[in-house]
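Colleague: coordinates only, sequence not included:
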């Protein structure tokens, strides 16, 4: 079975450039999450979609970050303009949320390692 | 106070040892609890869910203490391959959002 697929695996860009990260969740999953991981701050939830609708984006650091989920099989996380402090590993994860909303296990993609110079 | 707290370690143990990690959470309404494992430069992977009555999966035992708001993970007969970071995960509201602790690093030595 295909897991969560993220692209690119690595991204190196210069400060000020636009960066777009992509994610394909597991087929049939109805929840999608974007996380960022750094040594200093660990895993931070950026935004969460349920049935393609953003439910909570309180973790998005600032207006430079935006995320979309145009359909059930695709999501993007965009940073514009990028800054060196955005350097991190960005994980996408999906799950099948049960009725009543009790937390379900997450399945993670391999992550995108972003370096902004 | 962080919502989910873990001792970052590292815990250095010899092969065959028993090791235990605790994790505390701040929201008493939390309903779902998990342990994830993350290897260096890899994505987190689900190790096991944690049930109210406690549960076991081979050498791994998870416990939940709602009164004191902590969960634990016990690893018996440690293997070199158990070396990883173990992440405590809690849902902190009634929805499907999961919050990760900072992780506890385990190093199993020959």
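Modeller: On my side now, so go ahead. All of these numbers come straight from a predicted model, not from anything done at the bench.

Colleague: quick one: mean pLDDT for stretch B:52-68?
Modeller: Summarised as a single mean, pLDDT over stretch B:52-68 is 93.

Colleague: stretch A:40-59 too?
Modeller: Mean predicted confidence for stretch A:40-59 is 90.

Colleague: any part of it near chain B?
Modeller: Yes - judged by C-beta under 8 Å from any C-beta of the partner chain, stretch A:40-59 and chain B are in contact via A:42, A:43, A:45, A:48, A:50, A:55, A:56. In short, each C-beta sits where N, CA and C put it, glycine included.

Colleague: which two in these are spaced the farthest apart?
Modeller: Across the residues of stretch A:40-59 next to chain B, no pair lies farther apart than A:42 and A:50, at 23.6 Å, counting by C-beta to C-beta.

Colleague: chain A against chain B: which residues are in contact?
Modeller: Checking chain A against chain B by C-beta under 8 Å from any C-beta, the hits are A:31, A:33, A:35, A:42-43, A:45, A:48, A:50, A:55-56, A:91, A:95, A:97, A:101-111.

Colleague: just the buried ones out of these, please.
Modeller: Buried subset of the residues of chain A next to chain B (neighbour count, 16 or more other C-beta atoms under 10 Å in any protein chain shown): A:31, A:33, A:35, A:42-43, A:45, A:48, A:50, A:56, A:91, A:95, A:97, A:101, A:103-111.

Colleague: which residues does the closest residue to residue B:9 other than its chain neighbours contact?
Modeller: Spatial nearest neighbour of residue B:9, excluding adjacent residues (C-beta to C-beta, 6 or more residues apart in numbering or on different chains): residue B:105 at 4.2 Å. Neighbouring residues of residue B:105 by C-beta atoms under 8 Å, 6 or more residues apart in numbering or on different chains: B:8, B:9, B:10, B:11, B:84, B:85, B:86.

Colleague: before we move on, what about residue A:105?
Modeller: A:95, B:34, B:46, B:49.

Colleague: could you tell me which residues of chain B lie near chain A?
Modeller: Going by C-beta under 8 Å from any C-beta, the residues of chain B near chain A are B:31-32, B:34, B:42-46, B:49, B:87, B:89-91, B:94-103.

Colleague: show me what contacts residue B:60?
Modeller: Counting by C-beta under 8 Å, 6+ apart, residue B:60 has contacts B:35, B:47, B:48, B:73, B:74, B:75, B:76.

Colleague: wasn't the third one part of a strand?
Modeller: Spelled out, it's residue B:48. Yes - assessed with DSSP: H, G, I helix; E, B strand; the rest coil, residue B:48 lies in a strand.

Colleague: for residue 52, which non-adjacent residue is closest in space?
Modeller: Went with chain A since none was named. residue A:69 (4.6 Å).

Colleague: actually, chain B is the one I wanted.
Modeller: residue B:64 (5.6 Å).
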